[in-house]
Structure formats: C-alpha cells, structure tokens
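Colleague: From the sequence below, what's the structure:
(one chain, ligands or ions: 3)
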Amino acid sequence: MRSPKDFFRPLAVGAPTPVREIPFRPSRMIHFFDPSNEKMAAKVPSIAAQVDVLLGNLEDAVQADRKEAARDGLVAIAKATDFGETQLWTRINSLDSPWVLDDLLTLVTEIGHKLDVIMVPKVEGAEDIHYVDRLLAQLEAKAGLERPILVHAILETATGVANVEEIAGASPRMQGISLGPADLAASRRMKTTRVGGGHPGYLVREDPRPGDTDAPRATHQQDLWHYTIARMVDACAAHGILPYYGPFGDIRDTTACEDQFRNAFLLGCVGAWSLHPVQIDIAKKVFSPAPAEVAWARKVIAAMGDGTGAVMIDGKMQDDATYKQCQVVATLADALAARDPELRDAYAAAEKE
Ligand SMILES: CC(=O)SCCNC(=O)CCNC(=O)[C@H](O)C(C)(C)COP(=O)(O)OP(=O)(O)OC[C@H]1O[C@@H](n2cnc3c(N)ncnc32)[C@H](O)[C@@H]1OP(=O)(O)O
Ligand SMILES: CC(=O)C(=O)O
Ligand SMILES: [Mg+2]
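Modeller: Ligands and ions are numbered 1, 2, ... in the order given. You can find the predicted model right below:
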C-alpha cells in the first residue's frame with residue numbers, strides 16, 4: 001500500500017494533480033442516452049439544456065454489436081456540442097469486458113477535455129478503482145489534459161457492497177457512487193425482476209386482532225433498498241464524495257419513481273438517473289429542496305446567530321445540531337439556485353411569505 005503522503009500525487013509523469021476535494025456541482029439527474037441510437041442522439045442538444053448531467057452510456061442497454069458505434073457516437077457528439085454548464089459523463093464497459101480498454105483509450109484522448117466523470121460499472125473493490133486510476137493518469141498525460149477526470153462507481157455486486165467503504169476512499173478521483181439495483185439484485189440472488197422500487201411480496205403485516213383472528217390484517221410494503229442506500233450514503237459521506245440513487249425501470253410508473261427518488265433524497269443522495277425524458281422533471285423536483293423547507297432552514301440559521309445554544313422557533317427546539325441540518329438544506333439550495341433561475345425565484349418568494 002502506498003504511503004498516505006503519496007495519496008494526492010499524480011500516478012503518471014505529466015498527469016494533472018489530483019483534486020483535494022470533490023467540488024459540489026448540481027447533479028440531480030444523470031440523464032442516460034445511447035450515443036449509437038440516432039433518435040436519442042438527435043435530442044442531446046435540447047436535453048443538455050434541461051439536465052444537470054448528460055451521460056453517454058456505453059455499457060448495458062447498448063447491444064454488443066453497437067459498442068463501437070456508441071463509443072464513436074459519443075466522441076462525435078462531444079466534439080460537436082457546447083454543453084454549457086451541463087456536465088458530460090460516460091459509463092464505460094465493465095472492467096472484465098473486451099471493450100473497456102478501447103473505451104478509455106479513445107474517450108480520454110479524443111474528448112478527455114470535455115469529460116467530467118467516468119462511471120465505472122460493477123466495481124467490486126479498491127483494486128478496480130486503482131486500475132482505472134493509473135490508466136487514466138497515463139492517458140491524461142498522453143492527451144495533455146490539465147484537470148483530472150473524476151471517477152464514479154456503480155454499487156451493483158454483493159462484493160462491491162461488502163467493500164463499499166474502501167471503494168469510496170480508493171482514490172482522490174472518486175466523485176461518487178450510484179446504486180445499481182438490477183445487477184445487484186442478480187448478484188445477491190434477490191427474487192425481484194424489477195429495476196429498483198419496492199415489491200408487493202416484501203412487506204410487514206399487522207398483528208392479528210385479539211378476539212378476531214380472522215379479521216383482515218393490513219400489510220405495508222417495505223423498501224428493498226434501504227439498507228444498501230443507507231450504507232452507500234455513509235461510505236460516501238465518510239469519504240467526502242456524493243451518493244446517488246440509480247435507475248428506476250418502470251418508466252410509466254412516475255408516482256413510484258418519485259417515491260423511490262424521494263426516499264433516496266431524504267436519506268442523503270444528491271441525485272438519481274433519468275432513463276427516459278419523463279424522469280428528468282421528477283428528479284429535478286425531488287432533488288431540489290422544497291421552497292418551504294429552504295425558507296425554514298434560513299429562518300433557523302438567522303435566528304441561531306453563531307449556531308450555538310438552544311432556542312425555540314415555532315414550538316420546535318433548535319440547537320447546534322439543527323443549525324447544521326439547516327445549513328445542509330440552505331447550502332444545497334444556494335448551489336441549485338445558482339444554476340436554476342426558476343428555483344432561485346421560488347426560494348426567494350418562499351422566504352418573503
Ligand atoms: C439497469 C441499467 O443499467 S439502467 C441504465 C441503462 N439503460 C438505459 O440507459 C436505458 C435508456 N433509455 C432507453 O433506452 C429508452 O428510454 C427505453 C428503451 C426505456 C424506452 O424507449 P422508447 O420505447 O423509445 O420510449 P418512448 O417511445 O416513450 O420515447 C419517446 C421519445 O423519447 C426518446 N427517448 C427515450 N429515451 C430517451 C433518452 N434516455 N434520452 C433521449 N431521448 C430518449 C425516444 O427516442 C423517442 O423519441 P421520438 O419521439 O423521436 O420517437
Ligand atoms: C444501474 C445498473 O447498472 C443496474 O441496476 O444494474
Ligand atoms: Mg448494471
């Protein structure tokens with residue numbers, strides 16, 4: 001193992017210096033598109049203006065015989081498009097695939113200056129990140145890049161979940177982690193065929209009523225993903241990187257999608273994936289704190305002065321800890337308002353009420 005003193009040293013001669021902190025950039029939705037799909041590719045310029053992150057997907061959901069077309073398509077789109085403040089990410093093929101080496105070689109040398117983050121699927125441990133880390137440093141040096149490309153891991157194998165803390169801290173490049181509920185379900189041999197969301201069979205049932213054991217008993221669906229998301233959030237927070245919910249596959253069930261996204265938001269995630277245009281506004285709504293919450297947070301911060309002591313506001317106790325909770329909400333709101341004028345106006349209006 002390298003000395004901790006070397007953690008922030010470039011891994012190749014001429015590679016850019018690693019970042020010391022992961023900058024917070026709004027990433028409420030990571031919008032997936034297949035660069036080999038002409039219809040989707042044609043929508044990129046208009047979708048780029050609506051999303052925080054646009055991701056050219058090269059891995060699963062791209063047919064094996066379209067892998068090269070997807071890679072070439074992404075290069076062409078990146079070269080031809082001005083993304084403004086919208087981040088450009090890619091999901092490369094898995095590290096055990098025949099395509100990943102060419103993905104990295106081509107993308108970093110051709111469009112590395114435009115790529116913000118590379119998403120690595122099926123990460124199982126720190127060694128996977130170390131492999132990508134060194135390779136990226138070599139390629140960045142070759143391409144003469146001035147800023148390092150960050151790395152995002154998908155948590156989608158049982159081994160990956162077991163090693164999530166070491167994955168989160170494996171490199172200064174680690175930007176964040178997303179939950180991959182489909183591959184993870186398969187890896188764990190969970191008996192669900194859904195991409196995220198609940199399952200009617202995963203429930204708790206109320207106790208029998210005394211004296212009327214035949215009376216119907218209410219059941220409540222439980223969250224299959226609570227444990228993993230919470231664990232991922234802790235690992236990310238402990239290492240100063242960002243956690244994300246991944247995909248919700250039932251595109252037509254916009255209500256359940258919103259619920260799944262909101263559970264993740266409340267647990268600490270900063271965003272989720274949008275697989276279809278209909279999911280973009282759901283993510284925008286859910287991962288932007290509600291104006292009333294923001295107004296409340298600002299009220300508490302203003303009333304708390306230096307943030308110490310205990311006061312009562314509207315019947316609720318506030319102290320040093322609630323001050324920090326409110327700062328989380330207010331800081332996020334500031335960052336989002338700086339990108340989203342509509343949100344900025346909604347926050348300003350709520351504060352005046
Ligand atoms: C488990 C995982 O790994 S999840 C991540 C991998 N999966 C993905 O990336 C899936 C990405 N999304 C998709 O492939 C598609 O949205 C599908 C297959 C789910 C549905 O596609 P369609 O059946 O074409 O949906 P639909 O007919 O509602 O599409 C409406 C329009 O939106 C376009 N569209 C659909 N999804 C997207 C997208 N992600 N980005 C841009 N445009 C899109 C369609 O091309 C279509 O365009 P048109 O009006 O010009 O014909
Ligand atoms: C997100 C992803 O890749 C999965 O759920 O498998
Ligand atoms: Mg997957």
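
Colleague: separation between the spatially most central residue of the chain and residue 201?
Modeller: Geometric centre of the chain, nearest residue: residue 244, 2.9 Å, by C-alpha atoms, centre = their mean. As defined by C-beta to C-beta, to the nearest Å, residue 244 lies at a distance of 27 Å from residue 201. Heads up, the C-betas are built off the backbone N, CA and C, glycines and all.

Colleague: Over to residue 86?
Modeller: Distance, residue 86 to residue 201, using C-beta to C-beta: 40 Å.

Colleague: Name the residue in these two with the higher neighbour count.
Modeller: Each of residue 86 and residue 201 has its neighbours counted (other C-beta atoms under 10 Å); residue 86 has more, 21 against 11.

Colleague: Spit out the contact partners of that one.
Modeller: Residues counted as contacts of residue 86 (C-beta atoms under 8 Å, 6 or more residues apart in numbering) are 48-49, 51-54.

Colleague: nearest to ligand 3, of those?
Modeller: Comparing the contacts of residue 86 against ligand 3 with C-beta to the ion places residue 53 closest, at 17.5 Å.

Colleague: quick revisit: show me the contacts of residue 86 that map onto helices.
Modeller: In this view, those that belong to helices under DSSP state H are residue 48.

Colleague: which of the contacts of residue 86 are buried?
Modeller: With burial judged by 16 or more other C-beta atoms under 10 Å, the buried subset of the contacts of residue 86 is 48, 51-54.

Colleague: follow-up on the earlier one: what number of residues lie near the residue nearest to the residue nearest to the centre of the chain when sequence neighbours are not counted?
Modeller: Closest residue to residue 244 in three dimensions, ignoring its sequence neighbours and counting by C-beta to C-beta, 6 or more residues apart in numbering: residue 178, at 4.2 Å. Counted with other C-beta under 10 Å, residues neighbouring residue 178 total 25.

Colleague: swap in residue 35?
Modeller: 25.

Colleague: and what of residue 253?
Modeller: Neighbours of residue 253 (other C-beta under 10 Å): 14.

Colleague: nearest spatial neighbour of it, skipping sequence neighbours?
Modeller: Residue 253 sits nearest to residue 197 (C-beta to C-beta, 6+ apart), 7.6 Å away.

Colleague: Contact partners for that neighbour?
Modeller: 224, 248-250, 253, 256-257, 260.

Colleague: got it, and residue 198?
Modeller: Applying C-beta under 8 Å, 6+ apart, the residues contacting residue 198 are 221-224, 256, 260.

Colleague: tell me the phi and psi of the most far-flung residue of the chain relative to its centre?
Modeller: Computed with C-alpha atoms, centre = their mean, the residue of the chain farthest from its C-alpha average is residue 211, at 49.9 Å. Per-residue torsions, residue 211: phi 80, psi -10 (degrees, to the nearest 10).

Colleague: Do you have the strands of the stretch 101-250 of the chain handy? List them.
Modeller: According to DSSP state E, counting those that start in this stretch, the stretch 101-250 of the chain carries its strands in the segments 117-120, 150-155, 174-179, 203-205, 219-221, 242-244.

Colleague: Likewise for the stretch 251-353 of the chain?
Modeller: Along the stretch 251-353 of the chain, counting by DSSP E, counting those that start in this stretch, strands occupy 272-274, 311-313, 316-318.

Colleague: How far does the second one sit from its chain's centre?
Modeller: Taking the mean of its C-alpha atoms, strand 311-313 sits 35 Å from the chain's own mean (C-alpha atoms, centre = their mean, to the nearest Å).

Colleague: same thing with the first one?
Modeller: For strand 272-274, the separation from the chain centroid amounts to 7 Å (computed by C-alpha atoms, centre = their mean).

Colleague: Which strands or helices does that strand pack on?
Modeller: The helices and strands touching strand 272-274, judged by 3 or more C-beta pairs under 8 Å, 6 or more residues apart in numbering; DSSP states H and E, are strand 29-33, helix 254-267, helix 280-286.

Colleague: redo that, cut-off 7 Å
Modeller: strand 29-33, helix 280-286 (3 or more C-beta pairs under 7 Å, 6 or more residues apart in numbering; DSSP states H and E).

Colleague: what ranges of this structure fall below the confidence cut-off?
Modeller: Nowhere does the chain drop to pLDDT under 70.

Colleague: the domain parsing of it - what is it?
Modeller: 4-287, 292-352 (automatic domain parsing).

Colleague: ranking those domains by burial, who's on top?
Modeller: With neighbours taken as mean count of other C-beta atoms under 10 Å, these reach their highest mean count in domain 4-287, at a mean of 18.

Colleague: tell me how far the ends of that domain are from each other?
Modeller: Chord length of domain 4-287, first to last residue, is 35 Å (C-alpha to C-alpha, to the nearest Å).

Colleague: That one near ligand 3 at all?
Modeller: Yes: with C-beta under 5 Å from the ion as the criterion, ligand 3 is reached by domain 4-287 at 156, 180, 183.

Colleague: Quick check: chain neighbours aside, which residue is closest to the first one?
Modeller: Counting by C-beta to C-beta, 6+ apart, the nearest residue to residue 156 once its immediate chain neighbours are dropped is residue 180, at 2.8 Å.

Colleague: quick one: the one you found from residue 249, how far?
Modeller: From residue 180 to residue 249 the distance is 11 Å (C-beta to C-beta).

Colleague: Over to residue 235?
Modeller: For residue 235, the distance to residue 249 (C-beta to C-beta) stands at 24 Å.
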